[in-house]
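# Need a 3D model of the following:
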Amino acid sequence: MALTKNKIVEHVNELGFTKKKSVEIVESLLEIIKDSLEKGDDVLVSGFGKFCVKEKSTRRGRNPATGDDLLLDERNVVTFKCSGKLRESINNGK
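Numbers count the residues shown, from 1 in each chain. Purely as a prediction, here's the structure:
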């Protein structure tokens, strides 16, 4: 089951904030992260991980339905690398 934005708002609400203030906090945080990534900046959250914007160059691809070759445009993608602490926590939880 996925952690949704609504569930994050509920967790923030449990810290003593009003529902409206909890929504504002979560929305603001996500907006800050989006703005940073749009500028091409990395987002580092200590103990959690790092979001990076990587450039992918133009490359050849194939339409899986028809098998036709095509050219994929260059684009930016967001990648995530988890921190060592998070990786250790996840693996020790087994």
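# Where does pLDDT dip in the protein?
Counting by pLDDT under 70, the chain shows low-confidence ranges at 94.
# ranges for the helices of it?
Counting by DSSP state H, one finds helices in the chain at the ranges 5-13, 19-38, 84-92.
# contacts for the last one?
Spelled out, that is helix 84-92. For helix 84-92, contacts defined as CB atoms under 8 Å, 6 or more residues apart in numbering pick out 47-49, 82. C-betas here are computed from N, CA, C, even on glycine.
# Equivalent analysis for the first one, please.
Contact with helix 5-13 is made by 19, 22-23, 25-26, 30, as judged by CB under 8 Å, 6+ apart.
# List only buried entries from these.
Among the contacts of helix 5-13, those buried by neighbour count (16 or more other CB atoms under 10 Å) are 22-23, 25-26.
# Please report how far the closest residue in space to Thr58 that isn't next to it in sequence lies from Phe48.
Nearest non-adjacent residue to Thr58, counting by CB to CB, 6 or more residues apart in numbering: Glu74, 4.8 Å away. According to CB to CB, to the nearest Å, Glu74 and Phe48 sit 29 Å apart.
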